[in-house]
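Asker: What follows is a predicted protein model with its sequence.
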Amino acid sequence: MYYYIYDTYLNDKKYTTTLQHIESRLMSLGINGRIERMTLLKSMREVITDAIKKGASTIVAVGNDETVSKIVNYLPNISVTLAIIPIGADNTIAASLGIPQGESACEVLSSRIIEHIDVGKANDCYFISSLSVPSTEEVIFDWGTYQVKPLTNQNTITICNFNSRSVAGNNTPSHSGNPHDGILEAVFSVPEHQSWWSFSKKNYSSASVFPFTKIKIKCATECLPIVADGQTTIKTPVTVEVVPKKLKVIVGKNRMI
Amino acid sequence: MALFNADSESAHKEVETIIGPSVKVEGNFKGEGNVTVEGMVQGSLKTTHDLKVGINAKIKAEVEAINLFLAGEIRGNVKIAGKTSLSSTAKIFGNLETKVLNVEDGAIINGKCTMVHEENVPTPEIRKSK
């Protein structure tokens, strides 16, 4: 059974028509299912637990990257497939998985090309795309036998499973990662400001890349906030590890990762 | 284009480690793929693949790799199973052990350089006969 979880922001009237089109398209494709509209009072954990009890085999995140991130945190421990119907802005994860916006996503959903991809785990929090680590010289990345320390506060530090923003063409470190290789990568990028005619574009050519399966991130002086998929904040010390091929996800033919 | 069909085992081996100028590595680093160093390393640096050391890199470590291309500085003993290429800016302050050596004008080696071919190492029997 398909279980559609609509994010809170879709309760806005401006999305009513889009949702109606999507629902009728799903109906015509024969993949309609139960719809759960999130509100500020509903917990995602409870909604997903309820979905599993009701026999959901595919959970569809209808919304944006934030919706996907909130759902992914609860999926790796249960045997369900994740699908996405992206609506509105901030849909880089769906874009890199080859899922088009709105009604067109229904065709991808119907095709059911399922991939098993790696997910990252930061303490008890799962993430699909990346972790952002604050840029400070105090942060230490500990591999056990060796440590990596940034020499400047100017680094952009990312732990990548796959960098959806890079894949989607945003102005971020260009390392894109591969969610099939069973490893994560710690990427340290220092933006090099180029001359004025390049419109202040940043070049991340001097990036450092460290592949790993498990590391510990700590800070000597304070608890640093580490942000998973741009949504969930975790305080240091954080143990980050890859969980290979843990997530089943429906992807499009035009996927870019 | 989809790149989802990569075999995980082979993909793992192909991942390159890049130690850029904005980070410092301390301890016993062991890489499983090619390693490029443009920054600082202290301790030991071992890889089962190739090692490239950039012009601004400073390594204070025991180094082991299959092949080495050196443009920067290494302070420590270097053990290379294959070919060592030293560019004109290369500096080694320590002993170098390699199979093949390629040196440009201006490169510096301050230490003992040993080139060992297994075939040429005299066996105990030969030594006795002499």
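Answerer: Ah, there it is.
Asker: Give me the spatial nearest neighbour of the residue in the stretch 51-200 of chain A positioned nearest to chain B, chain neighbours excluded.
Answerer: Going by C-beta to the nearest C-beta, chain B is nearest to A:Y146 of the stretch 51-200 of chain A, at 3.0 Å. Placement of C-beta: from N, CA and C, glycine included. Among residues not flanking A:Y146 along the chain, B:G27 sits closest, at 3.0 Å (C-beta to C-beta, 6 or more residues apart in numbering or on different chains).
Asker: ok, now which ones touch that neighbour?
Answerer: A:W143, A:T145, A:Y146, A:Q147, B:Q42, B:G43, B:S44 (C-beta atoms under 8 Å, 6 or more residues apart in numbering or on different chains).
Asker: what sits against the second one?
Answerer: Contacts for A:T145 (C-beta under 8 Å, 6+ apart) come out as B:G27, B:N28, B:F29, B:K30.
Asker: any idea which of these has the most stuff around it?
Answerer: Within these, most neighbours by other C-beta atoms under 10 Å in any protein chain shown means B:F29, with 26 neighbours.
Asker: Report the backbone C-alpha coordinates of the helix or strand that contains that residue in PDB.
Answerer: Using DSSP states H and E, the element containing B:F29 is strand B:23-31. C-alpha atoms of strand B:23-31 as PDB (Å, rounded to 0.1, in the frame of the first residue of the first chain):
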ATOM      1  CA  VAL B  23      43.900  20.800   6.700                       C
ATOM      2  CA  LYS B  24      46.500  19.100   8.800                       C
ATOM      3  CA  VAL B  25      46.700  15.300   9.300                       C
ATOM      4  CA  GLU B  26      48.300  14.000  12.500                       C
ATOM      5  CA  GLY B  27      48.900  10.300  13.300                       C
ATOM      6  CA  ASN B  28      49.200   7.100  11.300                       C
ATOM      7  CA  PHE B  29      47.300   7.700   8.000                       C
ATOM      8  CA  LYS B  30      46.600   4.600   6.000                       C
ATOM      9  CA  GLY B  31      44.900   5.100   2.600                       C
END
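Asker: In its sheet, which strands sit next to that strand, and in what direction?
Answerer: Sheet pairing for strand B:23-31, assigned by DSSP bridges, gives strand A:146-150 (antiparallel), strand B:40-47 (parallel).
Asker: Bridge partners for the residue of chain B found nearest chain A, pull those for me.
Answerer: Nearest residue of chain B to chain A: B:G27, at 3.0 Å (C-beta to the nearest C-beta). Per DSSP bridges, the residues bridged to B:G27 are A:Y146, B:G43.
Asker: what about the residue of the stretch 51-200 of chain A closest to chain B, neighbour count?
Answerer: Residues near A:Y146, counting by other C-beta under 10 Å, number 19.
Asker: Quick one: buried ones out of the contacts of B:G27?
Answerer: Among the contacts of B:G27, those classed as buried by 16 or more other C-beta atoms under 10 Å in any protein chain shown are A:W143, A:Y146, A:Q147, B:Q42, B:G43, B:S44.
Asker: so which of those comes closest to A:L247?
Answerer: Proximity of the buried ones among the contacts of B:G27 to A:L247 (C-beta to C-beta) peaks at A:W143, which lies at 25.0 Å.
Asker: do you know how far the closest one is from A:A186?
Answerer: Separation of A:W143 from A:A186 (C-beta to C-beta, to the nearest Å): 9 Å.
Asker: same check, this time on A:K248
Answerer: 26 Å.
Asker: Looking at those two, which is more packed in?
Answerer: Legend: neighbour count by other C-beta under 10 Å for A:K248 and A:A186, higher for A:A186 (24 against 18).
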